[in-house]
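Enquirer: next input, structure requested:
(one chain, ligands or ions: 1)
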Amino acid sequence: MSSMDNYPDTQFYGDAESYWKEIPATVDGMLGGYSKVDKVDIKGSKKFLQEFISGPNAKTKTRRAVDCGAGIGRVSHGLLCPLFSRVDLVEVCQKFLDQAKTYLGSSAKKVDRYICCGLQDFTPDPGRYDVIWVQWVLGHLTHKDLVAFFQRCRAGLAENGIVVVKENVADDSCSDGVIFDQSDSSVTRSHRYLKQIIEESGMRIVKEESQKDLPKELFKVQMMVLQ
Ligand SMILES: C[S@@+](CC[C@H](N)C(=O)[O-])C[C@H]1O[C@@H](n2cnc3c(N)ncnc32)[C@H](O)[C@@H]1O
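Expert: A predicted model of the protein is given here:
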């Protein structure tokens, strides 16, 4: 099936969960066999985030972040735990959260909550987070659920808090603005379509950049700061 027409939401979410249950709880598993991009990804994220949390123009505090679609905590380990005082992880697959406790090593002491939940059902506590980090997971949410998720995220931000989205984007010329991948039950949205969803949610893009130095055969990866 290449189109999502007549594809029920329950199947879209159920198939994704079944897929991830079979994937090894390793960095390679999180990155679809591309563990070699881990370092460059974390380095790019750090650079992208820096101006918001340190230096003369920084307004966002570093008290608490949440890693959404955290998997085994690769982003928490490399980026969030080193920069933030406290971190929560949200992930639909319990076995990845179990592994995170080991994978995070000494960083695990910074984790308050391991939340086993699909993002379509996750409501951040109001005002809890300085940074809501969402990476390589939004293709698992339907259009409607993604709009609603962004709206709940907005309410979950502390003063001057930000949502950071880091996602694959397809070329704007792709038909209907999405490419559906039945193997893991996800969509890759075009850059234009993703921006349209963000706008629909009422959030605003305040900074945007693409990740450099990724293997050529991969999708373009876009980083966006939303408020
Ligand atoms: C490609 S991995 C990325 C993991 C992590 N963000 C990273 O960059 O290393 C996608 C993760 O999203 C999780 N996931 C899939 N659907 C989800 C959903 N609806 N809600 C929350 N997490 C989900 C998967 O179990 C998997 O851990």
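Enquirer: SS state for residue 162?
Expert: strand (DSSP: H, G, I helix; E, B strand; the rest coil).
Enquirer: contacts only, for it.
Expert: Contact analysis of residue 162 by CB atoms under 8 Å, 6 or more residues apart in numbering lists 52, 60, 130, 131, 132, 206, 225, 226, 227. To be clear about C-beta, it is placed using only N, CA and C from the backbone, and glycine gets the same treatment.
Enquirer: and the strands in this structure?
Expert: With DSSP state E, the ranges of strands along the chain come out as 64-68, 86-91, 111-116, 129-135, 157-169, 178-181, 186-189, 205-210, 220-226.
Enquirer: ok, which of the ones you listed comes nearest the ligand?
Expert: Proximity to the ligand, assessed across the strands of the chain by CB to the nearest ligand atom, is greatest for strand 129-135 (4.2 Å).
Enquirer: how far out from the middle of the chain is the closest one?
Expert: Relative to its chain's centre, strand 129-135 lies at 8 Å (CA atoms, centre = their mean, to the nearest Å).
Enquirer: mind listing what it pairs with, with the direction of each?
Expert: Strands that pair with strand 129-135, judged by DSSP bridges, come out as strand 64-68 (parallel), strand 157-169 (parallel).
Enquirer: quick revisit: out of the contacts of residue 162, who's near the ligand?
Expert: Among the contacts of residue 162, none lies close to the ligand by the criterion of CB under 6 Å from any ligand atom.
Enquirer: max pairwise distance over those: which two?
Expert: 130 and 206 (14.6 Å; CB to CB).
Enquirer: what about those two, which has more around it?
Expert: residue 130 (24 against 12; other CB atoms under 10 Å).
Enquirer: so the more buried one makes contact with residue 66?
Expert: No - contact criterion CB atoms under 8 Å: residue 130 and residue 66 do not qualify, at 9.5 Å.
Enquirer: ok, back up a step: PyMOL command for the buried members of the contacts of residue 162?
Expert: Of the contacts of residue 162, the buried ones go into a single PyMOL selection, burial set by 16 or more other CB atoms under 10 Å:
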select buried, resi 52+60+130+131+132+225+226
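Enquirer: could you export the contacts of residue 162 as TSV, including pLDDT?
Expert: TSV is the format used below for the contacts of residue 162 (pLDDT from 0 to 100):
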residue	pLDDT
52	98
60	98
130	99
131	99
132	99
206	98
225	98
226	98
227	98
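Enquirer: pick the one among the contacts of residue 162 closest to residue 91.
Expert: residue 132 (14.1 Å).
Enquirer: give the closest residue to the closest one in space, chain neighbours not counted.
Expert: residue 163 (4.5 Å; CB to CB, 6 or more residues apart in numbering).
Enquirer: just to check, the one you found is in contact with residue 157?
Expert: Yes - Residue 163 is in contact with residue 157 according to CB under 8 Å; the separation is 7.1 Å.
Enquirer: distance of residue 151 from residue 163?
Expert: 11 Å (CB to CB, to the nearest Å).
Enquirer: low-confidence bits of the chain, can you list those?
Expert: For the chain, applying pLDDT under 70 flags the ranges 1-3, 5-6.
Enquirer: ok, now how distant is the residue lying farthest from the centre of the chain from residue 159?
Expert: Most distant from the centre of the chain: residue 56, at 27.4 Å, with distances by CA atoms, centre = their mean. According to CB to CB, residue 56 and residue 159 sit 19 Å apart.
Enquirer: counting contacts, what elements does the helix ranked longest in the chain pack onto?
Expert: Assignment by DSSP state H gives helix 38-53 as the longest helix of the chain. Where contact means 3 or more CB pairs under 8 Å, 6 or more residues apart in numbering; DSSP states H and E, helix 38-53 is packed against helix 74-75, helix 81-83, strand 129-135, strand 157-169, strand 205-210, strand 220-226.
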